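Participant: here is the input, now give the coordinates:
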Amino acid sequence: QVQLVESGGGLVQAGGSLRLSCAASGGTFSMYAMGWFRQVPGKEREFVAAISWSGSSTGYADSVKGRFTISRDDAKNTMYLQMNSLKPEDTAVYYCAARFRSSGSYFTNVLDYNYWGQGTQVTVSS
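Facilitator: Numbers count the residues shown, from 1 in each chain. Reported below is the predicted structural model:
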């Protein structure tokens, strides 16, 4: 069973950048497909980005495509989300998630994931 801990959130001005990290422990990180989701109060958790267990496939929500980049470093048991050109509407709690590999693809649905971190707050001021 894998445990996930996010870090790197904070307050940034619009147009700025942040890099989120998701550190995994308790499992063989390279065997998990990973994803980033975000949630604001009163709304459902939404997909942001995902990466396959091999790292060869990635996917992004349309709202972040071209601004965010997902990556993973299996040697460090860590996944990253580089967020550039941040907008106030990116403000949310960001969660990382893991799913034991079942294919070579990535996954975009909340229900696809078995393990979740506690979340890290990202606030973008205008």
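Participant: go ahead and confirm Gln39 touches Thr91.
Facilitator: No - counting by CB atoms under 8 Å, Gln39 does not reach Thr91; the two are 10.8 Å apart. Bear in mind the C-beta positions are built from the backbone N, C-alpha and C, glycine included.
Participant: identify the residues contacting the closest residue to Thr78 other than its chain neighbours.
Facilitator: By the measure of CB to CB, 6 or more residues apart in numbering, the closest residue to Thr78 outside its immediate chain neighbours is Ala23, 5.2 Å from it. Counting by CB atoms under 8 Å, 6 or more residues apart in numbering, Ala23 touches 4-5, 7, 76-78.
Participant: closest one of these to Ser105?
Facilitator: Leu4 (20.0 Å; CB to CB).
Participant: so what sits opposite the closest one in the bridge?
Facilitator: Ala24 (DSSP bridges).
Participant: how many residues are close by it?
Facilitator: Leu4: 24 surrounding residues under other CB atoms under 10 Å.
Participant: does Pro88 touch Val40 like I think?
Facilitator: No - Pro88 is beyond contact range of Val40, at 11.3 Å (criterion: CB under 8 Å).
Participant: which SS class is the residue most central in space within the chain?
Facilitator: The chain has Trp36 as the residue nearest its centroid, 2.2 Å off, counting by CA atoms, centre = their mean. When classified by DSSP: H, G, I helix; E, B strand; the rest coil, Trp36 comes out as strand.
Participant: dump the residue contacts of it.
Facilitator: By CB under 8 Å, 6+ apart, the neighbours of Trp36 are 20, 22, 48-50, 70, 79, 81, 94-97.
Participant: would you map the strands across this protein?
Facilitator: With DSSP state E, the ranges of strands along the chain come out as 3-7, 10-13, 18-25, 32-39, 46-51, 58-60, 68-73, 78-83, 92-100, 115-116, 120-125.
Participant: so which bits of the fifth one are buried?
Facilitator: When burial is assessed from 16 or more other CB atoms under 10 Å, strand 46-51 yields the following buried residues: 47-51.
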